[in-house]
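[1] all I have is the shape, not the residue letters:
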């Protein structure tokens, strides 16, 4: 842990009704005693896109560099950011078999946001009782509902 950066704990989640289909994302964060909830969504998207968007928007909402403990339930996001992205960047955003990286724009945006902060990645099992994950999931579903209602 770094003493000079504000510490934030964040949980993110994505949801999709149909894949592709109507999707939502949610982020819940704590900074000391303060909390913040974010959510949004898209009419035609995928679960992976919403998982990525949740992390991007959560990190983007931080107005200065922070030390972030980021809880995700997506192996796709976790592996992508901790294992795969370095090779993709080295290969010009192509996979090992020379194909374009799926969701490249989102991965590039996530890479830029991660570079602003010190991020500690924590994988949590989804829908398994982790209170932060359950709250992020509820926010993601709120995003789906808002898209369906035409509010987003």
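    All right, it came through fine. Predicted, not measured: the structure shown is a model, and the values here were computed from it. Numbers count the residues shown, from 1 in each chain.

[2] who does the helix or strand containing residue 70 pair up with?
    Assigned by DSSP states H and E, residue 70 belongs to strand 67-72. Here strand 67-72 is paired, per DSSP bridges, with strand 7-18 (parallel), strand 118-123 (parallel).

[3] ok, then the element right after that strand?
    Strand 67-72 is succeeded, C-terminally, by helix 75-79 (DSSP H and E).

[4] before we move on, the earlier item: would you turn the strands paired with strand 67-72 into TSV with mean pLDDT?
    Output for the strands paired with strand 67-72, formatted as TSV (pLDDT from 0 to 100):
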stretch	mean pLDDT
strand 7-18	97
strand 118-123	97
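
[5] ok, what's across the strand from the closest residue to residue 78 other than its chain neighbours?
    Leaving aside its sequence neighbours, residue 78 sits nearest to residue 123 (C-beta to C-beta, 6 or more residues apart in numbering; 4.9 Å). Where C-beta positions appear, they are placed from N, C-alpha and C, glycine not excepted. Note on residue 123: beta-bridge partners by DSSP bridges are residue 72.

[6] show the contacting residues for residue 123.
    Residue 123 makes contact with 71, 72, 73, 75, 78, according to C-beta atoms under 8 Å, 6 or more residues apart in numbering.
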